[in-house]
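# Provide a 3D model corresponding to the input given below.
(chains A, B, C and D)
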Protein chains: 2
Amino acid sequence: MGKRVRREESLSRDRIIAASIALLDSRGEDGLTFRALSERLATGAGAIYWHVENKGDLLTAACDAVVARTMAPCAAGASPEDTIRALALGLFDAIDAHPWVGSTLTRAAGQAPMLRIVECLGQQVRALGLSDEDQWTAASALLHYILGVAGQNAANTQFARAHDIDRSDFLGAMATVWSQLDPNEYPFTRSVASRMREHDDRADFLAGVDLILGGIASRRGR
Amino acid sequence: MGKRVRREESLSRDRIIAASIALLDSRGEDGLTFRALSERLATGAGAIYWHVENKGDLLTAACDAVVARTMAPCAAGASPEDTIRALALGLFDAIDAHPWVGSTLTRAAGQAPMLRIVECLGQQVRALGLSDEDQWTAASALLHYILGVAGQNAANTQFARAHDIDRSDFLGAMATVWSQLDPNEYPFTRSVASRMREHDDRADFLAGVDLILGGIASRRGR
DNA sequence: ACCTGAACACCGTTCAAGT
DNA sequence: ACCTGAACACCGTTCAAGT
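Okay, here's the model as predicted:
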């Protein structure tokens, strides 16, 4: 029993990355293990190290594969603002579908996936007609905002998974806790609890992007 | 040899948290271990579990201790905008001093430290005189931007530490890589490489906050 | 009530040995 | 060149046993 199935294709970096993505998607961030991975690939743990430097490398590569797909249609025909919105939403949706991308992105400072995002965003920001310094400010503000949302989304999903509850149930429970806070100590949080329950993550995310775009526009207009 | 020193004070949650912060500061995120902690506290691993639920709980508590200090002067006399700037900078500096706070914050969705930040920011946003919906949008945009920067800062420091190089050397090396990218594939990133080398993290962070505040102001003015 | 520390069930990574 | 899989040095967490 449990006799290991002999694999058909030979091992390769791409097959390892594909299997990692599948594992990450189905079992969450903690689900990616060299043991689980080598079982799925019908090989030994050491074989994986022939194609991959270490776990961090593997995670970054998996993240990059998803980000590359998402950022592929980098240059659209629309206005820079609309393209930025589309890019941001694409990233949001990708992270929503693969929460582990959010947390991996956070840890992949200055690596391939981040480069892709910086470049795509930057090209559109550049088309906005700002000074060099404002370009840098605008691009990094957008980037950091997106990464912030990405990280939070990933954390929410991960928490819900770890406690084996539905993501929206988790947010609902959070709203309930918030609404019961001491009104003297937490007036704002309390007042915003009901909005937290019914809010639309995606719409709120886009509203934040628009806020930053608005800030950029008002700088340009000075 | 290595005879363990008998501790003088009795164990308590606060002492455990203080020791955790010291460990995290001196040895980085991976330095916090139940083994290292129990050695430093001259006790057994199990004893710690009497006062603390698990490692996540410990990390969140340590994070909360730092955030609480930082957010203490929540209500200043200045204008809401200036107070928001001060709060954001305070958080930036705290995370700069304790990089692990950045990554812990990211994973502590909806928990105590996050609540403090939301409340402090929210109170100032509220004083800005926006509609309820705009308040929510503004507060969460600011929060996510701050968290995004926090996460990146933490990642940069962690990476530098792991590779045993100076943080600024790391950023310098990144700038060099960027400046050597293919100008056809990465025109923006390449053009911005020199700025990356000489930039001031803190000033850039504040410029981003100002951009968001500008976006808020322009919405209010409509 | 609080502490001890061995034991358990995992990890990522390495490496001699095979093909 | 590529793969095997046992072994190593760690983890977080538990728990019977002590005080």
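
# could you use CA atoms for every contact and neighbour count after this?
OK.

# so where is chain A shaky, pLDDT-wise?
Residues of chain A meeting the criterion pLDDT under 70: A:1-9, A:75-76, A:222.

# again, only this time at 50
A:1-6 (pLDDT under 50).

# so which residues on it come close to DNA strand D?
A:10-12, A:42-48, A:50-51 (C-alpha under 7 Å from any atom of the strand).

# quick one: the helices in chain A?
Applying DSSP state H to chain A gives helices spanning A:13-27, A:34-40, A:45-51, A:55-71, A:80-97, A:99-107, A:112-126, A:132-162, A:167-179, A:187-191, A:193-198, A:201-220.

# hmm, the second one in reach of DNA strand C?
Yes: judged by C-alpha under 7 Å from any atom of the strand, helix A:34-40 comes into contact with DNA strand C at A:34-36.

# still on that earlier bit, just the buried ones from the residues of chain A next to DNA strand D?
For the residues of chain A next to DNA strand D, a burial check counting by 16 or more other C-alpha atoms under 10 Å in any protein chain shown picks out A:11, A:43, A:45, A:48.

# mind putting the helices of chain A into TSV with distance to B:Leu115?
Output for the helices of chain A, formatted as TSV (distance: least, C-alpha to C-alpha, whole Å):
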stretch	distance to B:Leu115
helix A:13-27	29
helix A:34-40	37
helix A:45-51	42
helix A:55-71	30
helix A:80-97	23
helix A:99-107	21
helix A:112-126	29
helix A:132-162	13
helix A:167-179	9
helix A:187-191	8
helix A:193-198	12
helix A:201-220	18
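
# which of these is buried the deepest?
Mean neighbours per residue, mean count of other C-alpha atoms under 10 Å in any protein chain shown, is largest over the helices of chain A for helix A:99-107, with a mean of 25.

# so what does that helix touch, helix or strand wise?
When contacts are defined as 3 or more C-alpha pairs under 8 Å, 6 or more residues apart in numbering or on different chains; DSSP states H and E, helix A:99-107 sits against helix A:55-71, helix A:80-97, helix A:132-162, helix B:132-162.

# is that helix anywhere near DNA strand C?
No: Helix A:99-107 lies out of reach of DNA strand C by C-alpha under 7 Å from any atom of the strand, never closer than 13.7 Å.

# picking up where we left off before, columns distance to A:Glu119 on top of the helices and strands packed on helix A:99-107, output as a markdown table?
Formatted as a markdown table, those follow (distance: least, C-alpha to C-alpha, whole Å):
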| stretch | distance to A:Glu119 |
| --- | --- |
| helix A:55-71 | 10 |
| helix A:80-97 | 11 |
| helix A:132-162 | 9 |
| helix B:132-162 | 17 |
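
# list the contacts of A:Val209.
A:85, A:88, A:142, A:145 (C-alpha atoms under 8 Å, 6 or more residues apart in numbering or on different chains).

# between the buried ones among the residues of chain A next to DNA strand D, which is nearest chain B?
Ranked by distance to chain B (C-alpha to the nearest C-alpha), those are led by A:Ile48 at 22.5 Å.

# any idea how far A:Leu32 is from the closest one?
According to C-alpha to C-alpha, to the nearest Å, A:Ile48 stands 13 Å off from A:Leu32.

# what does A:Leu213 give?
37 Å.

# residue contacts, the residue nearest to A:Ile212 when sequence neighbours are not counted?
Among residues not flanking A:Ile212 along the chain, B:Ile212 sits closest, at 5.3 Å (C-alpha to C-alpha, 6 or more residues apart in numbering or on different chains). Applying C-alpha under 8 Å, 6+ apart to B:Ile212 gives the contacts A:211-212, A:215, B:138, B:141-142.

# do that again at 7 Å, thanks
Applying C-alpha atoms under 7 Å, 6 or more residues apart in numbering or on different chains, we find B:Ile212 in contact with A:211-212, A:215.

# so who does A:Ala94 touch?
A:Thr70.

# cool, and A:Trp100?
Neighbouring residues of A:Trp100 by C-alpha under 7 Å, 6+ apart: A:24, A:28-29, A:154.

# likewise A:Leu91?
Contacts of A:Leu91 by C-alpha under 7 Å, 6+ apart are A:Thr70.

# quick one: it from B:Gly77, how far?
40 Å.

# circling back: now distance to chain B too, for the contacts of A:Val209, in TSV please.
Formatted as TSV, the contacts of A:Val209 follow (distance: C-alpha to the nearest C-alpha, whole Å):
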residue	distance to chain B
A:Arg85	15
A:Ala88	14
A:Leu142	8
A:Tyr145	4
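
# ok, which pair from these is furthest apart?
Longest distance between any two of the contacts of A:Val209 is 12.7 Å, between A:Arg85 and A:Tyr145; criterion C-alpha to C-alpha.

# stretch A:53-65 close to DNA strand C?
Yes: contact between stretch A:53-65 and DNA strand C, assessed by C-alpha under 7 Å from any atom of the strand, occurs at A:54-56.

# quick one: which of those residues is nearest DNA strand D?
A:Asn54 (12.9 Å; C-alpha to the nearest atom of the strand).
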